[in-house]
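Undergrad: sequence first, predicted model second:
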Amino acid sequence: TPTPGGAGSHFVSHCGDGCLFELRADPLETSDLASRHPQRLARLRAKLEAYEATAFNPDRGGNTAAACEHAQGVYRGFWGPFMR
């Protein structure tokens with residue numbers, strides 16, 4: 001959870017079914033437009049799913065709760081090196 005006024009305080013922490021931003025007008029991604037443009041979000045999601053069906057995606061193991069906690073705590077919402 002971002003600290004108000006701190007680093008990352010303007011970032012959307014969870015997008016649910018997807019986020020949609022106008023990057024030229026909102027380069028910091030502070031205003032999620034997904035609810036105002038559901039058809040556009042659906043169209044982009046379909047494109048992404050079609051691409052993912054053809055992309056190489058090696059097995060990287062399962063989710064590790066400790067790694068997620070590390071990303072949220074130590075790296076303040078970003079992924080970084082983690083080892084058990």
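TA: Looks like it arrived, so ask away.
Undergrad: which SS class is Leu33?
TA: Look at Leu33: counting by DSSP: H, G, I helix; E, B strand; the rest coil, its state is coil.
Undergrad: from Arg60, how far off is it?
TA: 31 Å (Cβ to Cβ, to the nearest Å). C-beta: built from backbone N, CA, C; applies to glycine.
Undergrad: equivalent analysis for Gly77, please.
TA: As defined by Cβ to Cβ, Gly77 lies at a distance of 20 Å from Arg60.
Undergrad: out of those two, which sits in the busier spot?
TA: Neighbour count, other Cβ atoms under 10 Å: between Gly77 and Arg60, Gly77 has more, with 13 against 6.
Undergrad: what about the more buried one, which SS state?
TA: Strictly by three-state DSSP, Gly77 counts as coil.
Undergrad: so where is the chain shaky, pLDDT-wise?
TA: Within the chain, the set of residues satisfying pLDDT under 70 comprises 1-14, 82-84.
Undergrad: list the buried residues in the top helix by length along it.
TA: Assignment by DSSP state H gives helix 38-52 as the longest helix of the chain. Of all the residues in helix 38-52, those buried under the rule 16 or more other Cβ atoms under 10 Å are Leu41.
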